[in-house]
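Colleague: Got a sequence here, can you build the structure:
(one chain, ligands or ions: 2)
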Amino acid sequence: MSDNPASDVLDIAPNVDDALRSDKPVVALESTIISHGMPYPRNVEAASAVEAAVRAAGAVPATIAVLGGRLKVGLSMDEIRRLGEQGPQVIKCSRRDLPFVLARKETGATTVAATMIIAAMAGIRVFATGGIGGVHRGVAETMDISADLEELARTNVAVVCAGVKSVLDIGRTLEYLETAGVPVVGYQTDTLPGFYSRCSGFPVDYRVDTAKEVAAALQTKWDMGLQGGLVVAVPIPEAHALARDEIDGVINEAITEMQRQGIAGKDTTPFLLARIAERTGGQSLEANIQLVLNNARVAAEIAVQLGHDIC
Ligand code: PSU
Ligand code: MN
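Modeller: Ligands and ions are numbered 1, 2, ... in the order given. Below you'll find the model as predicted:
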């Protein structure tokens, strides 16, 4: 046993370890989006392109997952491909799942919450994804609130996303984040992006126009000893955005179908995303890939700025 028990279960890829040791910018990437969020083989292509986007913007990508009971920070292309092929057969792993997946030496794709935990253990402070989990529509009946929100309240990692998952109750998710003390920042926008569309109609807490401003806020938060992350919401690039009314119609229809089939809990997102992709003839999938690529670039820029002495 080493002094730090975490290091007994944590495997950091050599190139990521080198970058962290020499204070070079690193961006964490999640794996549930690969296994559960997109179909094979587009998921593998997208994951590879997202890593390339991080590199092109001057940072080192570290895709995170649990493989054979080990916390892996920085997957090889082969490991990403295997996760992509297995798809929803691998365990979707959030905070509650980590101890069991590890103890049983199983393989799990990590959600935003689990990826934040592992990124923080490795010393990575910036993380890019598509959309965070949150409060589901119909919460009064289901109590379905993603563990991502509590994680944002307690773990010191900034999450760069295109807003909350398209299928959620945005207003209630923002209320929850406010209660939890998590700032929601609009990147070059005054309103929260609507995931597939550029605007949800809800205001953000703060607008920031540069990666440097985000880095300064993060540094200040953590220097003060305030625990938790930051949601950096970046609108999908104009050229790839879908019309809000149209996509909302498709999402509502998918939710109705899900309720009819009695699908609940952690299976809701994979079902809804697949259904929405089917109904938009793959347009939602393309938009999803493009927004993640864009978030990866912004996250890399923030990680670069965090490495500078900004405050
Ligand atoms: N948003 C997407 N696709 C996804 C997810 C979010 O567009 O696959 C995943 C993320 O990993 C997120 C998780 O952390 O869904 C949240 O799941 P739940 O609501 O079960 O906590
Ligand atoms: Mn849930």
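
Colleague: Checking my notes, Arg81 in a helix, right?
Modeller: Yes. Remark: Arg81 belongs to a helix, assigned using DSSP: H, G, I helix; E, B strand; the rest coil.

Colleague: Would you quantify the distance from it to ligand 1?
Modeller: As judged by C-beta to the nearest ligand atom, to the nearest Å, Arg81 and ligand 1 stand 18 Å apart. Where you see a C-beta, it was placed from the backbone N, CA and C, and this is true even at glycine.

Colleague: gap between the residue nearest to that residue when sequence neighbours are not counted and ligand 1?
Modeller: Spatial nearest neighbour of Arg81, chain neighbours left out: Val44 (5.1 Å); criterion: C-beta to C-beta, 6 or more residues apart in numbering. According to C-beta to the nearest ligand atom, Val44 and ligand 1 sit 15 Å apart.

Colleague: got a list of what Val44 touches?
Modeller: 34, 80-81, 84-85 (C-beta atoms under 8 Å, 6 or more residues apart in numbering).

Colleague: same check, this time on Ile132
Modeller: If you count contacts by C-beta under 8 Å, 6+ apart, then Ile132 has 112, 146, 148-149, 152, 159, 161, 164-165, 231 around it.

Colleague: Show me those that map onto helices.
Modeller: With DSSP state H as the criterion, helices contain 112, 148-149, 152 from among the contacts of Ile132.

Colleague: of those, list those near ligand 1.
Modeller: 112, 148 (C-beta under 6 Å from any ligand atom).

Colleague: Quick check: Met289 is in a helix.
Modeller: For residue 289 the amino acid is Ile, not Met. Yes. The assignment for Ile289 (three-state DSSP) places it in a helix.

Colleague: correct me, but it touches Ala47?
Modeller: No. Ile289 is not in contact with Ala47 according to C-beta atoms under 8 Å; the separation is 9.8 Å.

Colleague: the more surrounded of those two?
Modeller: Ala47 (27 against 21; other C-beta atoms under 10 Å).

Colleague: which pair in the ones in helices among the contacts of Ile132 spans the largest distance?
Modeller: Spatial extent of the ones in helices among the contacts of Ile132 (C-beta to C-beta) is set by the pair Val112 and Leu149 at 9.4 Å.

Colleague: out of those two, which sits in the more crowded spot?
Modeller: Taking neighbours as other C-beta under 10 Å, Val112 and Leu149 compare with Val112 leading, 29 against 22.

Colleague: can you pull the contacts of the nearest residue to that one once chain neighbours are set aside?
Modeller: Excluding the flanking residues, the one nearest Val112 by C-beta to C-beta, 6+ apart is Asp148, at 4.3 Å. Listed by C-beta under 8 Å, 6+ apart, the contact set of Asp148 reads 94, 111-113, 116, 132-134.

Colleague: check contacts around the residue nearest the centre of the chain.
Modeller: In the chain, the C-alpha nearest the mean C-alpha coordinate belongs to Thr129, at 3.3 Å (C-alpha atoms, centre = their mean). By C-beta under 8 Å, 6+ apart, the residues touching Thr129 are 29-30, 33, 112, 115, 159-161, 292, 295.

Colleague: how about the longest strand belonging to the chain, does it get close to ligand 1?
Modeller: For the chain, the longest strand by residue count, based on DSSP state E, is strand 60-67. No. Strand 60-67 does not reach ligand 1 (C-beta under 6 Å from any ligand atom); its nearest approach is 10.8 Å.

Colleague: Any idea how far that strand is from the middle of the chain?
Modeller: On the basis of C-alpha atoms, centre = their mean, to the nearest Å, strand 60-67 sits 12 Å off its chain's mean C-alpha point.

Colleague: mean confidence score for that strand?
Modeller: Average pLDDT, strand 60-67: 98.
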